[in-house]
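Need coordinates for the following:
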Amino acid sequence: MIDATNFRDAMSLLTAAVNVITTEGVSGTHGFTASAVCSVTDTPPTLLVCMNTASRSHRYFVDNKILSVNVLGAEQEHISNAFASKLCSEERFQQGTWTKLVTGAPILQEALVSFDCEIEQIQEVGTHSVFMCRVVAIQYGNKQCGQSESLVYFNRTYHKVGLSVCQEQIA
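Below is the predicted model of the structure:
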């Protein structure tokens with residue numbers, strides 16, 4: 001049997017994009033840093049987002065049934081750290097400039113790209129909830145093409161990779 005420590009050590013060698021996942025609803029605005037995000041299908045556009053059920057903001061995502069996935073650029077390591085810290089939600093959202101698209105979930109204007117989503121299904125797997133999220137709008141960052149790299153996490157540290165893609169907002 002594979003123990004949890006061995007599995008986490010192995011998974012640390014799987015390079016992943018760094019994202020800030022946000023929601024907003026009657027209970028307030030909440031967010032967390034995540035690397036467990038991936039595309040499911042393009043018809044309809046759907047993302048998968050995993051969140052620990054023990055997270056202090058888990059219930060807000062479940063209750064609100066909306067979220068945004070904000071893909072961070074290399075220069076946004078401080079935002080990733082803020083959303084992974086014990087800071088309160090208000091302090092976390094003091095990092096960066098935030099806007100909204102269709103659902104009302106906070107969108108980081110400086111993100112490489114942001115996906116505005118409605119949570120269509122939630123499945124509990126072990127310690128995590130798997131959110132199946134239908135993408136209802138996409139916003140690309142304001143950066144000039146070729147001037148930004150993506151923030152990725154590999155071997156328990158941040159790295160930079162690639163160049164950003166610049167396009168107009170699609171809704």
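
Low-confidence stretches in the chain?
The chain contains residues with pLDDT under 70 at 143-147, 163-171.

Could I get the full set of helices for it?
Counting by DSSP state H, the chain has helices at residues 4-11, 58-64, 77-84, 89-92.

what residues does the first one touch?
By that I understand helix 4-11. Where contact means C-beta atoms under 8 Å, 6 or more residues apart in numbering, no residue beyond helix 4-11 reaches it. No exception for glycine: its C-beta is placed from N, CA and C like everyone else's.

now swap in the third one and tell me
Residues from elsewhere that reach helix 77-84, judged by C-beta under 8 Å, 6+ apart: 18, 20, 31-33, 72, 91-92, 95-96, 108, 151, 158.

Quick one, which of those are buried?
Taking 16 or more other C-beta atoms under 10 Å as the criterion, what is buried in the contacts of helix 77-84 is 18, 20, 31-33, 72, 92, 95-96, 108, 151.

so which pair among these is furthest apart in space?
The most widely separated members of those, counting by C-beta to C-beta, are Arg92 and Leu151 (16.5 Å).

can you give me the strands in the protein?
Per DSSP state E, the chain carries strands over the ranges 16-17, 19-25, 28-34, 37-42, 45-52, 66-71, 98-100, 106-108, 113-125, 128-140, 150-154, 157-161.

Who are the packing partners of the fourth one?
Yep, that's strand 37-42 we're talking about. If contacts are counted by 3 or more C-beta pairs under 8 Å, 6 or more residues apart in numbering; DSSP states H and E, strand 37-42 sits against strand 45-52.

List the neighbouring strands of the strand it packs on plus their orientation.
Here strand 45-52 is paired, per DSSP bridges, with strand 37-42 (antiparallel), strand 128-140 (antiparallel).

sorry, back to before: what's the closest of the helices of the chain to Pro45?
helix 58-64 (19.1 Å).
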